[in-house]
Structure formats: structure tokens, C-alpha cells
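Asker: heads up, no residue letters with this:
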């Protein structure tokens, strides 16, 4: 007697498979010119590299890169809550400065009595003392010699 044929009908496709999606992606890249641009970049590899190296090899560009890295190193040491306070204090200070208007009577000086009263104004001294301390720290920092900024940051000697 004959054996039955084991035949399973494959279900019809209801959604695209990975190959269909890849073909569609390649076609879209072609239609939008991305493949041509990528091909041109690969073919012009040496010319593009030369332009980049020539641009990066200028003193000004090197200074920008080093200054940005120094800024990033400094910011990495500032806790976010302190940075938040500093930035918003600077914003408030700039708003106060921009809204300040000179008195209409410019010829009236505070005089000796007015200056004396300012010297005894507690709120004024509370506002000025952080600036004085900051100026002291700035002065000390400006005196500090620096061999190479990365050596100063990492603590490693510059020859290592």
C-alpha cells in the first residue's frame, strides 16, 4: 500500500521579514542620496582626512580643543547642586543688574555719613563677603604655576 505524502502548506506572508525591511531601507537610502554621499565620502577618504588634519593642526583649533577639555575637567569636579546654585545666582545677579536704574539725582553723593552707614550695613556685608572670598581664591589660583593642565588635573607628573 502507498504511504501518504507528508505535505505542510506554508502560511502566506502577513508582514515583511528582515530581508524585506533591509531591502526597503537600502532603497530609501538610495532614493534620498545617502548611499551616494556615503560612497563619495569613502572614495574621498584621503582628501577629507587631509582637510580635517590641516584644520585640527592649527594653533587656534588646538587651543579650542584644550580649553574645552580643561573646562570639562573643571566642571567634572563641581557637584551638580553647587553648579546649580552658582548658575541661578548668576542669573539672578544679571537680572538685578539689568533692572537697576541710576537715581535721577546723579549729583548727590552719599557723603561721609552715607559711606559710614554703608560700612555698618550688615546685609551689604553679607552680600559682599562671598565675592571677597571668591576674589581671594581667584588671586591665589592665578599665582599657581601650571606646567600642563592635564598633569595638574590628574596629579601625574608631565613626563609620565
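Answerer: Thanks, I have it. Everything numeric here is computed off the predicted structure, so don't read it as measured data. Numbering: from 1, shown residues only.

Asker: And what about residue 7, helix, strand or coil?
Answerer: Under DSSP: H, G, I helix; E, B strand; the rest coil, residue 7 falls in the coil class.

Asker: Run a quick neighbour tally on it.
Answerer: 5 (other Cβ atoms under 10 Å). C-beta: built from backbone N, CA, C; applies to glycine.

Asker: What pLDDT is listed against it?
Answerer: pLDDT for residue 7: 84.

Asker: mind checking how far it is from residue 13?
Answerer: Per Cβ to Cβ, to the nearest Å, residue 7 is found 19 Å from residue 13.

Asker: ok, now residue 42?
Answerer: From residue 42 over to residue 13 (counting by Cβ to Cβ), the distance is 35 Å.

Asker: what does residue 51 give?
Answerer: For residue 51, the distance to residue 13 - Cβ to Cβ - is 48 Å.

Asker: now swap in residue 41 and tell me
Answerer: 36 Å.

Asker: who has more neighbours, those two?
Answerer: More crowded of residue 41 and residue 13, by other Cβ under 10 Å: residue 41, with 11 against 8.

Asker: does the more buried one belong to a helix or a strand, and which?
Answerer: helix 34-43 (DSSP states H and E).

Asker: who are the neighbours of that helix, in terms of helices and strands?
Answerer: Helix 34-43 is packed against helix 18-31, with contacts defined by 3 or more Cβ pairs under 8 Å, 6 or more residues apart in numbering; DSSP states H and E.

Asker: Could I get the buried residue list for the lengthiest helix in the chain?
Answerer: When the chain is parsed with DSSP state H, its longest helix is helix 122-143. Judged by neighbour count (16 or more other Cβ atoms under 10 Å), helix 122-143 contains no buried residues.

Asker: hmm, who's touching it?
Answerer: Where contact means Cβ atoms under 8 Å, 6 or more residues apart in numbering, the residues beyond helix 122-143 that reach it are residue 118.

Asker: who's in contact with residue 41?
Answerer: Here residue 41 is in contact with residue 48 (Cβ under 8 Å, 6+ apart).

Asker: 12 is where my numbering starts, stick with that
Answerer: Yep, numbering from 12; the last one is residue 52 now.
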